[in-house]
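> Sequence isn't available, so here's the structure alone:
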């Protein structure tokens, strides 16, 4: 299933991996990682799906997805 949650992917020189943070699921700073950006994104999506399933099974509310402002972004 495709959920609309945020995913922050950043390179870690120390770990030599792309680390994934999921802001709507703040239980820990980083949730997964990948050797490539694509692998990190795929792993992040799998973690989101797992968290959503877990919350649904526990009858807990899902976090609200963070939305970008409705006003178009201006690029200088």
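Received it, and whenever you're ready, just let me know what you need. Keep in mind that this is a model prediction, so the values were computed, not measured.

> Flag the shaky bits of the chain, pLDDT-wise.
Using pLDDT under 70 as the threshold, the predicted model of the chain has low-confidence ranges 1-2, 68-69, 73, 76.

> in it, which spans are helices?
Under the criterion DSSP state H, helices of the chain are mapped to 37-57.

> residues touching residue 12, list them.
Going by Cβ atoms under 8 Å, 6 or more residues apart in numbering, residue 12 touches 18-19, 33. Any C-beta I mention is one placed from the backbone N, CA and C, and that applies to glycine too.

> Try it again at 7 Å.
residue 19 (Cβ atoms under 7 Å, 6 or more residues apart in numbering).

> Any idea what it is bridged to?
residue 17 (DSSP bridges).

> what's the distance between it and residue 44?
Per Cβ to Cβ, to the nearest Å, residue 12 is found 14 Å from residue 44.

> same check, this time on residue 52
Distance check for residue 52 against residue 44: by Cβ to Cβ, it reads 13 Å.

> who has more neighbours, the two?
Between residue 52 and residue 44, counting by other Cβ atoms under 10 Å, residue 44 is the more crowded of the two (24 against 16).

> ok, for the more buried one, nearest residue in space, not its chain neighbours?
Spatially, and ignoring its direct neighbours in sequence, residue 44 is nearest to residue 20 (4.1 Å; Cβ to Cβ, 6 or more residues apart in numbering).

> cool, residue 42 as well?
When the adjacent residues along the chain are set aside, residue 42 lies closest to residue 34, with 7.1 Å between them (Cβ to Cβ, 6+ apart).

> same check, this time on residue 33
Counting by Cβ to Cβ, 6+ apart, the residue nearest residue 33 is residue 17, at 4.5 Å.

> follow-up on the earlier one: settle this for me: the residue nearest to residue 42 is touching residue 45, isn't it.
No - with contact defined as Cβ atoms under 7 Å, residue 34 and residue 45 do not form a contacting pair (11.0 Å).
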